[in-house]
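# build me a model from this:
(2 chains)
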2 protein chains.
Amino acid sequence: MPANGQGNVATDEVEVYSDTLGSSSDEETAYLKQSLNRTFTACFASNEKQSTFESLPSRRDHETFFRECIEILLKEAVFEGTSRRNKVLNFQQPEKLMEIFDFKLQNDPSTHSELVKKLKDIIKYSVKTGHPYFVNQLFSSVDPYGFVGQLLTDALNPSAYTYEVAPLIILMEETVLKEMREIVGWTSGEGDGIFCPGGSIANGYAISCARHYYFPDVKAKGLRSLPNLILFTSEDAHYSIKKLASFLGLGTENVYLVNTEANGKMDAGHLEELIGAAIKNDGKPFLVSATAGTTVIGAFDPIDKIADICQKHKLWLHVDAAWGGGALMSKKHRTLLKGIERADSVTWNPHKLLTAPQQCSTFLVRHKNLLADAHSANASYLFQKDKFYDTQYDTGDKHIQCGRKADVLKFWFMWKAKGTKGLESHVDKVFETARYFYETIKTRPGFEIVVPEPECTNICFWYLPESIRTSSSEEFCQKLTSDKEFREKLHLVAPKIKEKMMKEGTMMVTYQTHKDKPNFFRIVFQNSGLDKNDMLHLVQEFERLGQDL
Amino acid sequence: MPANGQGNVATDEVEVYSDTLGSSSDEETAYLKQSLNRTFTACFASNEKQSTFESLPSRRDHETFFRECIEILLKEAVFEGTSRRNKVLNFQQPEKLMEIFDFKLQNDPSTHSELVKKLKDIIKYSVKTGHPYFVNQLFSSVDPYGFVGQLLTDALNPSAYTYEVAPLIILMEETVLKEMREIVGWTSGEGDGIFCPGGSIANGYAISCARHYYFPDVKAKGLRSLPNLILFTSEDAHYSIKKLASFLGLGTENVYLVNTEANGKMDAGHLEELIGAAIKNDGKPFLVSATAGTTVIGAFDPIDKIADICQKHKLWLHVDAAWGGGALMSKKHRTLLKGIERADSVTWNPHKLLTAPQQCSTFLVRHKNLLADAHSANASYLFQKDKFYDTQYDTGDKHIQCGRKADVLKFWFMWKAKGTKGLESHVDKVFETARYFYETIKTRPGFEIVVPEPECTNICFWYLPESIRTSSSEEFCQKLTSDKEFREKLHLVAPKIKEKMMKEGTMMVTYQTHKDKPNFFRIVFQNSGLDKNDMLHLVQEFERLGQDL
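The predicted model follows:
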């Protein structure tokens, strides 16, 4: 049955549930059939002339197709995709994948059976990011409530700009963002916030808000009318600070990188020095971005100390808690972010530590109206002021986006399902898991820790195959600092093990260099379904993959 | 059954399909049960200690819940939500909605039955943007193939930055973007492109690429090292040009607004004048953004004429075809964008005229490597160069986002399903529909056309209730220009009819002012399932709603 296209009888229609069509008379039946027929036609974009009742069988084909796809994706992508019995991925080199999977877009429609085959292949060759052994990035796992919320969002397909078009979404956003601001520690109702397409853009909003706060002329006149603005973040901060500073016209050279200490935390003394240097160079310091949970090490900058410095120099304090923000949900771990209530703005991504589906990022700001003042354009064709409801609920104009995917519903639904308590338990569990993994490898032969006493759920380590194994951690440290050949060999180990794990598909853990350190692994835990057996499994998997190197 | 939280036996687990668990021996059964148990636990983030086999019933409850939710959302949000028999919306004032829907996030988990109730209420109070009579915005309708592609994306939950994590997504993006560039008219393989979170940000990329093209120093040194950059767009262009120019540090004052003619097209003569004026003011013109399909009128700027001017003054030509780009799929209608092949960059949103689900926006650029040159940050922890595959497929660094929702899959799947032909037929159909609506109201008493001979599928018109109806279009035009009281009365009509239609929920059509024109309606067609009966229904609905005013 062809999907669509010229000359086909099949239209893009799906059978309505029969129980919505119960009828009691012949006349009613006829009406319903006709109505049903039109429903199908309009329900889904169709390039066919309106089908007649006689073509109902093709409609049934379409519903069959539709339901078949959903069953396959639930079964193969969700349930089997998250099963330990199955592989995390089925790796193919790009050239090979282009050979075995037909990406090409053609002129004619595909048949439903071709599409079902495609769907299965897409699942087959996709990385299962919900798999328990996908511990490669700062996101993972599938939350069933988040997933339901996401599917519901897709079924409703709203654009989150006006109350008129997205009433529940707008009110949910305000509810969730207010709750998050309270958890940050700002007094009830203080401030504002938005959902953003990712933490990088949230960090961009911080820069935009800060410069507008000090120099509101920037909106109309641009940066050339301002002094040379300088911002500060640590050398371990996420690359988006530099990237967005550049996008916003400030230039990467005006992002001063503050040294971090061995544990990955910003050196507050060096921050003071750099502020002094910037002023000396005719620069105008205006913002410090502290990080709560750095990307590689998972370090938490000393926010209180940094807040003191910001206060002294009248600088905007932004906290990039995209990764570590989830710890705020835990009474036990929120002390890691002590001082965050003194921040002017915060980036916090619930799609990371709290496992909301991609993408769920927030930007929170302590200053009310600032987002709107900095970004509003008052388009008369979208934000009409003569509407019959209170237009303060048309919140879209404080965003730089116009049309916007609604990212709140999935998170609101998760939160409603689990309660704040449930989110807290989740966070406590993943910290416990990470700690157990750390304790396990600390004393295990062949594993060497990169940063002792990790604060977050990132654990950084080297794995040493027998061929370069040292007899003690002391010897390892000594060789690491002074034995060039050893360092070079060690540097090659992680990419080699990574290649093997990807090709076998048994797990995914990332590696990287950091400062002068040769390649090491960083494993990250967000999935509170992992247990001690999993930790042992992951450890043993490193041993197995590394044994012949 | 509570969803989660302290002290519950229920964990966030879903029953795996029984057919994946067929086993042949007791031992195997035991293994599978245990494995199944662990699968569930890890499959979904759970805050419980690992459940034992004895708690299987609770797992079954969870699967029941999961499937129940999916059935409800398909039935109530998709099928019933797109049925002409049902309302487009169930409007409630914000204050009332806060009363009847419990938005509040609480400490304790919710039960599954509470969540199901919530789900139903969310659907009930949401606008059905897939409904045939949702003709309010530049998006609408539900494409079944796009919807399947969206659900699949959610099931796989990728982040589109590296080949390692999103192999198929990366290759699909390259395939679709290359195909779109060829349709724009750039020679095979020329240029580059990205998927963006909306057309506004795509327009931001155009500004960023253009300034980097002429002044590559901007990346490191910022705008203060550059001349005073000036860009040009028409007064009818989308507000995002100004908004993003401001976000990128250029300032709204440096966006010069070119006059449009009565038909909404940019006045190329005035563009020349403004370029001269900018240079005289020590400004440095660098970019012109032409619009292909303006937001209100749906006008197409004269791209060829503008391209000549850009060529003469060595300016970057961007075409914002977020809305009208879909017409490129049609041999019949692509002449509206004649000259687009001369553009340096193009914004084109498949989620608009081509009805891909929210959100699917692209930015296409004719200059290869420019996106990467302008935006890359080379983070060593994500874009490692010593990977075992060709890292040119790690395309994430050319974006300003880091983590990124994959917006390509749904569109690729639609395109594969329908073929290029199917997309073309869809476009031809919606243009035909719009034309039919236009022809119908042109001669119908009470309707007056705002812009004759519309080019796109936007139709702008006034509806005149009996109380202010004129006897001819000539009389209407005369009163419109010279009768202040008539204008004032007319201005109040659209908001009043809009209020009635929202409260009754029978359709959604937006209104706005434009230049000196009092409020008028703009209806927009993207749903190729609408037919002539629908056009008559919409016309009659205006007559019904406006009869007592």
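
# which residues touch the closest residue to residue A:370 other than its chain neighbours?
Spatial nearest neighbour of residue A:370, excluding adjacent residues (CB to CB, 6 or more residues apart in numbering or on different chains): residue A:209 at 5.3 Å. C-beta here means a position set from N, CA and C on the backbone, and glycine is covered the same way. For residue A:209, the contact set (CB atoms under 8 Å, 6 or more residues apart in numbering or on different chains) comprises A:316, A:344-345, A:365, A:367, A:370-371, A:374.

# which SSE is residue A:209 in?
Assigned by DSSP states H and E, residue A:209 belongs to helix A:199-214.

# quick one: mean pLDDT for that helix?
For helix A:199-214, mean pLDDT is 98.

# and what of stretch A:90-98?
Averaging pLDDT along stretch A:90-98 yields 98.

# how about residues contacting it?
A:100, A:124-125, A:502-503, A:505, B:163, B:167-168, B:171, B:389-390, B:393.

# let's see that stretch as PDB, backbone CA atoms only.
Written as PDB, here are the backbone C-alpha positions of stretch A:90-98 (Å, rounded to 0.1, in the frame of the first residue of the first chain):
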ATOM      1  CA  ASN A  90      25.100  -1.500  16.600                       C
ATOM      2  CA  PHE A  91      28.000   0.500  15.400                       C
ATOM      3  CA  GLN A  92      28.700   1.000  11.600                       C
ATOM      4  CA  GLN A  93      31.200   3.300  10.100                       C
ATOM      5  CA  PRO A  94      29.600   6.300   8.300                       C
ATOM      6  CA  GLU A  95      30.500   5.000   4.800                       C
ATOM      7  CA  LYS A  96      29.100   1.600   5.700                       C
ATOM      8  CA  LEU A  97      25.900   2.900   7.200                       C
ATOM      9  CA  MET A  98      25.300   4.900   4.000                       C
END
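
# report the buried residues of that stretch.
For stretch A:90-98, a neighbour-count test (16 or more other CB atoms under 10 Å in any protein chain shown) marks A:90-92, A:94, A:97 as buried.

# secondary structure for those residues - can I get that in a markdown table?
Below are the buried residues of stretch A:90-98 laid out as a markdown table (DSSP: H, G, I helix; E, B strand; the rest coil):
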| residue | secondary structure |
| --- | --- |
| A:90 | coil |
| A:91 | coil |
| A:92 | coil |
| A:94 | helix |
| A:97 | helix |
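
# can you get me a residue count around the closest residue to residue A:307 other than its chain neighbours?
For residue A:307, ignoring the flanking residues on the chain, the nearest one in space by CB to CB, 6+ apart is residue A:342 at 4.0 Å. Neighbour count of residue A:342, defined by other CB atoms under 10 Å in any protein chain shown: 18.

# wait, what's in contact with residue A:342?
By CB under 8 Å, 6+ apart, the contact list for residue A:342 reads A:303-304, A:307, A:311, A:317.

# tabulate these (CSV), appending distance to residue A:520, neighbour count and pLDDT.
Shown next, in CSV, are the contacts of residue A:342 (distance: CB to CB, whole Å; neighbours: other CB atoms under 10 Å in any protein chain shown; pLDDT from 0 to 100):
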residue, distance to residue A:520, neighbour count, pLDDT
A:303, 27, 25, 98
A:304, 30, 15, 98
A:307, 32, 23, 98
A:311, 37, 11, 98
A:317, 31, 25, 98
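
# turn the residues you listed into CSV, including secondary structure.
Formatted as CSV, the contacts of residue A:342 follow (three-state DSSP):
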residue, secondary structure
A:303, helix
A:304, helix
A:307, helix
A:311, helix
A:317, strand
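
# may I ask which two of those residues are separated the most?
For the contacts of residue A:342, the farthest-apart pair by CB to CB is A:303 and A:311; their separation is 12.0 Å.

# just checking, what packs against the longest helix along chain A?
If you go by DSSP state H, chain A has its longest helix at helix A:408-442. Secondary-structure packing of helix A:408-442 (3 or more CB pairs under 8 Å, 6 or more residues apart in numbering or on different chains; DSSP states H and E): helix A:144-156, helix A:167-184, strand A:447-449, strand A:458-463, helix A:532-546, helix B:112-125.

# tell me which of the ones you listed sits most buried.
Compared across those, helix A:144-156 shows the largest average neighbour count, a mean of 27 (mean count of other CB atoms under 10 Å in any protein chain shown).

# tell me how far that helix lies from the chain's centre.
Chain-centre distance of helix A:144-156: 16 Å, with CA atoms, centre = their mean, to the nearest Å.

# hey, C-alpha coordinates of it in CSV?
Extracted in CSV, the C-alpha atoms of helix A:144-156 (Å, rounded to 0.1, in the frame of the first residue of the first chain):
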residue,chain,number,x,y,z
PRO,A,144,8.2,6.6,31.8
TYR,A,145,6.3,9.7,33.0
GLY,A,146,8.6,12.0,31.1
PHE,A,147,8.1,9.9,28.1
VAL,A,148,4.3,10.0,28.4
GLY,A,149,4.5,13.7,28.8
GLN,A,150,6.6,14.0,25.7
LEU,A,151,4.2,11.9,23.6
LEU,A,152,1.4,14.0,24.8
THR,A,153,3.2,17.2,23.8
ASP,A,154,3.7,15.7,20.3
ALA,A,155,0.0,14.7,20.1
LEU,A,156,-1.0,18.3,20.9
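
# so what's residue A:511 closest to, chain neighbours aside?
Residue A:511 sits nearest to residue A:494 (CB to CB, 6+ apart), 3.7 Å away.

# the one you found: neighbour count?
Using other CB under 10 Å, residue A:494 is surrounded by 25 other residues.

# show the average pLDDT along the host helix or strand of it.
According to DSSP H and E, residue A:494 maps onto helix A:484-504. Average pLDDT, helix A:484-504: 97.

# buried ones in it, by neighbour count?
In terms of neighbour count (16+ other CB under 10 Å), helix A:484-504 has its buried residues at A:486, A:489-491, A:493-498, A:500-502.

# do the same with stretch A:68-85
A:68-70, A:72-84.

# near chain B at all, that stretch?
Yes. Interface with chain B: stretch A:68-85 contributes A:69-70, A:73-75, A:77-85 (CB under 8 Å from any CB of the partner chain).

# thank you kindly, that will do.
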